[in-house]
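A.B. asks: My questions concern the predicted model and sequence given below.
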Amino acid sequence: MSNRARELLWSLITLAEREIRRYLRIWVQTLVPPAVTMSLYFVIFGSLIGPRIGSMNGVDYIQFMIPGLIMMSVITNSYSNVVSSFFGVKFQRSIEELLVSPMPPFIILLGFIIGGVSRGILVGIVVYLVSLFFYPDFSIHNIPLTITVLILTSILFSLMGFINAVFADSFDDISVVPTFVLTPLIYLGGVFYSISILPDIWQKISLINPMLYVVNTFREGMLGISDIDVTSALFMQLFFIIILTISCLYLLKSGKGTRQ
Amino acid sequence: MKALEISNLKKTYASGVEALKGISMSVEEGDFYALLGPNGAGKSTTIGIVSSLVTKTDGQVSIFGTDIDLDFPEAKRKLGVVAQEINFSPFEKVLDIVVTQSGFYGIPKKIAMDRAEEVLHKLGLWEKKDLQARTLSGGLKRRLMIAKSLIHHPKLLILDEPTAGVDIELRRGMWDFIKDLNKKGTTVILTTHYLEEAEQLCKNIAIIDKGVIVENTSMKELLKKLDMQTFILDLGSDLDGPLNFNEYIVNQVDPTTLRLALNKNQSLNDFFMLLSNQNIQVKSMRNEANRLEELFLQIIKNEHEQ
């Protein structure tokens, strides 16, 4: 390995380690809330209301909900980790530590994305373990597909969080998108229901919601059921990851939101 | 070799403010260089461009011969910057901050730990290594900024008002440390509002005002331009009766204190002889105001009048 490659690797390890250390240090704020919130969802919608609903797409309602709730946690946590961390370094000016160093933009981006992805996956695992408490017989239908979707989704939403943080000038700016865009789209993206129960017009409208593709590809992996074509959904995720990565690198290189 | 070479550097901010109007300057390797100017003159913009915190509009910058447009990573390896504002996470531990910063330069953790121990010992921060940075006093935070900037052993160290708000004892300790670094070969560029320090520490100086360099010379040459200096003389006993000071401009502040305004053609020796002939003993003497401060104000005033 060349000296430059070794230098880049150490830079990346350092930044990724700092990002992971950051959310683990405040685990009460980052890892516990999803477990508590999802337990409440499982109790109310799974155990209390679920039996009255019966089955959804041929599986128990609580079983149908599990992939959706895991995805919901992965999306919100990978997004919020990167948006709050990157905006935090801008706000505290510690972004200067990164900018004065020889680290190229792709290492800076990768470091923050590793932080977001690792938190997304960790929270996903926590919620999965919580779901086993409520539905012990749950078994994963297609493990490679489940892991692939988990990783792709956390990368995608980490990148979105990064872009949000680049443009954010205040704490309001980092809460607007999660509150008014992400949350409604997730709730309407098939976490709690199959779009097959909707009237035709709403089914068609639902197809423009990107969360529907994320939730359903993951549900295909975990349960083997989906409302959409999984292959094209996976390619779509990959396509958006590429577009967003290029955009993030361009923003970092141009200094938008980071340099004066 | 030139540690820093800036040529026709321009910066216009998005707001339309023209912060730098094509400045050129160079700093020799091993120099202790002062960059002075009033608030908003363009000092921090210049430092920001050199350290990549600000994007330039036009011009060239080279650090030890490496053009920042051609190989910024290589240029950055040679550069350490102590920013004006605190720029580390207040929630991280002192040791973690320094070790993490060295990691950003690609230094493996084991080496980084050894270097961190060395630099934290030198700056009197080792005892505080496990404390969160937010618990440090203002002066210690400044020292931590210096520790952070030195962890990758830069050849050029830029300090942007590093002693602002630091008490005199800590400030002197910091300057001793920086002077020692300079003696060992690190080129130092300093911006400060404490002009007395710039006068004592720096060999060469540039004064920048409204985005233009208005003076760029050695400290010695600059001080020669001073027309008039004012001294305060403490006398051994009370003055009584009318005294003869010839052509010297002297005011009596109180019975044992005189204020002498001396122009550059007059001699202090002659004045002391004059006092001695009248049996007046001088116990001590000091500059009324800092010499560089007087010059600085004079230069800036002249620029504004033009």
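C.D. replies: Yep, that arrived.
A.B. asks: Which parts of chain B are strands?
C.D. replies: B:2-12, B:18-28, B:32-36, B:58-63, B:66-67, B:79-82, B:156-160, B:187-191, B:204-209, B:212-218, B:228-235, B:249-254, B:257-263, B:282-287 (DSSP state E).
A.B. asks: One more: chain A?
C.D. replies: For chain A, strands defined by DSSP E occupy the ranges A:55-56, A:59-60.
A.B. asks: hey, which of those is tucked in deepest?
C.D. replies: strand A:59-60 (a mean of 16; mean count of other Cβ atoms under 10 Å in any protein chain shown). C-betas here are computed from N, CA, C, even on glycine.
A.B. asks: So what touches that strand?
C.D. replies: With contact meaning Cβ atoms under 8 Å, 6 or more residues apart in numbering or on different chains, strand A:59-60 is reached by A:Gly50, A:Tyr135, A:Leu223, A:Ile225.
A.B. asks: and the nearest residue in space to A:Ile113 that is not next to it in sequence, how far is that from A:Asn81?
C.D. replies: Of all residues not flanking A:Ile113 in the chain, A:Ser158 sits nearest, at 4.7 Å (Cβ to Cβ, 6 or more residues apart in numbering or on different chains). A:Ser158 sits 7 Å away from A:Asn81, going by Cβ to Cβ, to the nearest Å.
A.B. asks: and B:Leu70, what are its phi and psi?
C.D. replies: Backbone geometry at B:Leu70, expressed as degrees, to the nearest 10, gives phi -90, psi -40.
A.B. asks: how deep is it tucked in, by neighbour count?
C.D. replies: 10 (other Cβ atoms under 10 Å in any protein chain shown).
A.B. asks: ditto for the one 4 residues further on
C.D. replies: By the other Cβ under 10 Å criterion, the neighbourhood of B:Glu74 contains 16 residues.
A.B. asks: for A:Ser196, same thing?
C.D. replies: 10.
A.B. asks: And for the one 5 residues further on?
C.D. replies: Taking other Cβ under 10 Å as the neighbour definition, A:Ile201 ends up with a count of 8.
A.B. asks: Now do the contacts for the residue nearest to A:Ile113.
C.D. replies: Contacts of A:Ser158 (Cβ under 8 Å, 6+ apart): A:Ser78, A:Tyr79, A:Asn81, A:Val82, A:Phe112, A:Ile113, A:Gly115, A:Gly116, A:Val117, A:Gly120.
A.B. asks: Could you turn the buried ones of those into a ChimeraX selection?
C.D. replies: Those of the contacts of A:Ser158 that count as buried under 16 or more other Cβ atoms under 10 Å in any protein chain shown are selected in ChimeraX with:
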select /A:78,79,81,82,112,113,115,116,117,120
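A.B. asks: Which of the contacts of A:Ser158 fall in helices?
C.D. replies: Applying DSSP state H to the contacts of A:Ser158, the entries found in helices are A:Ser78, A:Tyr79, A:Asn81, A:Val82, A:Phe112, A:Ile113, A:Gly115, A:Gly116, A:Val117, A:Gly120.
A.B. asks: Please report how far the last one lies from chain B.
C.D. replies: Looking back up the chat, that one is A:Gly120. To chain B, A:Gly120 is 22 Å away according to Cβ to the nearest Cβ, to the nearest Å.
A.B. asks: thought that residue was touching A:Val82?
C.D. replies: No - judged on Cβ atoms under 8 Å, A:Gly120 makes no contact with A:Val82 at a distance of 9.5 Å.
A.B. asks: Pull up the gap between the residue lying closest to A:Tyr135 once chain neighbours are set aside and A:Glu19, please.
C.D. replies: Counting by Cβ to Cβ, 6+ apart, A:Tyr135 lies nearest to A:Ile62, which is 5.3 Å off, once chain neighbours are set aside. Noted for A:Ile62: a distance of 34 Å to A:Glu19, by Cβ to Cβ.
A.B. asks: which ones are touching B:Ile146?
C.D. replies: Here B:Ile146 is in contact with B:Val82, B:Leu123, B:Leu159, B:Pro162, B:Met174, B:Phe177, B:Ile178 (Cβ under 8 Å, 6+ apart).
A.B. asks: Could you report the neighbour count for the closest residue in space to the second one that isn't next to it in sequence?
C.D. replies: Taking Cβ to Cβ, 6+ apart as the measure, B:Leu123 lies nearest to B:Arg143, with 4.5 Å between them; neighbours along the chain are not counted. For B:Arg143, the neighbour count with other Cβ under 10 Å is 26.
A.B. asks: hang on, the earlier thing: rebuild the contacts of strand A:59-60 as CSV, extending it with pLDDT.
C.D. replies: Formatted as CSV, these follow (pLDDT from 0 to 100):
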residue, pLDDT
A:Gly50, 80
A:Tyr135, 85
A:Leu223, 90
A:Ile225, 88
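A.B. asks: I'd like to know which of those are part of helices.
C.D. replies: Those of the contacts of strand A:59-60 lying in helices (DSSP H): A:Gly50, A:Leu223.
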